[in-house]
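Asks: task: produce atomic coordinates for the following.
(one chain, ligands or ions: 1)
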Amino acid sequence: MKCLVKSRAEVGLWMETRPIPEIGPEDVLIRVKKTGICGTDIHIWNWDDWAARTVPVGLITGHEFAGEIVEMGAQVEGLAIGQRCSGEGHLIGKHSRQSRAGKFHLDPATRGIGVNEPGAFAEYLRLPAFNVVPLPDSIDDEIGAILDPLGNAVHTALSFDLVGEDVLITGAGPIGIMAAAVARHVGARHVVITDVNPARLALAAEVADVTAVNVATEDLREVMARLKIVQGFDVGMEMSGNQAGLDQMIDALVMGGRIAMLGIPPGKSPVDWSRIVFKAITIKGVYGREIFETWYKMIAMLENGLDVRRVITHRFRVDDFATGFEVMRSGASGKVVLEW
Ligand code: ZN
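Replies: Purely as a prediction, here's the structure:
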């Protein structure tokens, strides 16, 4: 089968031919139809410090996918050949206290497909049946291929009650934009999204009914005054990993405000803890998706009018993967989907 492999410890990914994976009794084999390119895949392509530390050379990459079940292990129940599906890319252990309590997304033994284990940038993917998420007919393969990052957005956005709240999102990448759409969908009052990249801000305003603010040229305080956000935002979602973004968010939050943090700062960053203490701010770190509550809520919202399709800005056949990665690396795209 065709697959995209981190063949060498240098910049790039390479198309290779590998045998179709053999499945165990509790696995399914999925014929992959569409995949999304993630920021994580860009780190792996660039072979930065994190990637070099984490990803074994020779690994099949990719973790955002939709496809169809073509083979099932002997012990798999409740699924069928031909079932369209996406799936949770975090492979969890079953022994930790968290797992045994049903908090699968908090299992410390989690391993990720396309990062630690063979991934989805391939014609065929082996996945534990447990991880499969069947897709209803109303969700096509293209949307199925971005449920992983939409799940990050949904997990972050649903961390705190948003009904009637004023929400600030720092970072208008695809996940920030989708989180904004989710915040609107569930009934936030004002949703303001900030970035310094005009193309991303334009995309944010196109995908969701939000106020897009370029903090390089506009004053957030003036925007708040215009929207009559008097005391500050109630909820923040930090999606940029940018220290200045978090700093500005803490500044713009109300007393007792809450922050869900998905963006990853590049290293140890200086934080003004006294402001966090005196403002009585709660910060929650968000990792992955709640397994499988986020998937349930996400599919329910998609079936009830949540529309994130326009966040997909580019589509390529997999033979053009290098162009797809180039577009992603330019920073001027939304989601890029590869067709297998
Ligand atoms: Zn991803």
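Asks: show me what residue 338 bridges to in the sheet.
Replies: Counting by DSSP bridges, residue 338 is bridged to residue 35, residue 316.
Asks: that one: neighbour count?
Replies: Each residue near residue 338 was counted by other Cβ atoms under 10 Å, and the total is 26. C-beta here means a position set from N, CA and C on the backbone, and glycine is covered the same way.
Asks: what's near enough to touch it?
Replies: Residues counted as contacts of residue 338 (Cβ atoms under 8 Å, 6 or more residues apart in numbering) are 34, 35, 36, 37, 121, 315, 316, 317, 318, 320, 321, 324.
Asks: select only the buried ones of the residues you listed in ChimeraX?
Replies: Buried residues within the contacts of residue 338, by 16 or more other Cβ atoms under 10 Å, are selected in ChimeraX with:
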select :34,35,36,37,121,316,318,321,324
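Asks: may I see the contacts of residue 338 arranged in JSON lines, with distance to the ion as well?
Replies: Supplementary listing: the contacts of residue 338 in JSON lines, determined by distance: Cβ to the ion, whole Å:
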{"residue": "34", "distance to the ion": "14"}
{"residue": "35", "distance to the ion": "10"}
{"residue": "36", "distance to the ion": "7"}
{"residue": "37", "distance to the ion": "8"}
{"residue": "121", "distance to the ion": "12"}
{"residue": "315", "distance to the ion": "17"}
{"residue": "316", "distance to the ion": "17"}
{"residue": "317", "distance to the ion": "21"}
{"residue": "318", "distance to the ion": "17"}
{"residue": "320", "distance to the ion": "20"}
{"residue": "321", "distance to the ion": "16"}
{"residue": "324", "distance to the ion": "14"}
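Asks: could I get the buried residue list for stretch 279-286?
Replies: Neighbour-count burial for stretch 279-286 flags 281, 283, 286 (criterion: 16+ other Cβ under 10 Å).
Asks: residue 252 is in contact with residue 225, isn't it?
Replies: No. At 11.7 Å, residue 252 and residue 225 do not qualify as touching, with contact defined as Cβ atoms under 8 Å.
Asks: more neighbours, these two?
Replies: Comparing residue 252 with residue 225 by other Cβ under 10 Å, the one with more neighbours is residue 252, at 21 against 11.
Asks: about what we covered before: so which of the contacts of residue 338 is the closest to residue 82?
Replies: For the contacts of residue 338, the residue nearest residue 82 by Cβ to Cβ is residue 34; the value is 16.8 Å.
Asks: neighbours of the closest residue to that closest one other than its chain neighbours, just the number please.
Replies: The spatial neighbour of residue 34 that comes closest, neighbours along the chain excluded (Cβ to Cβ, 6 or more residues apart in numbering), is residue 145 at 4.0 Å. By the other Cβ under 10 Å criterion, the neighbourhood of residue 145 contains 27 residues.
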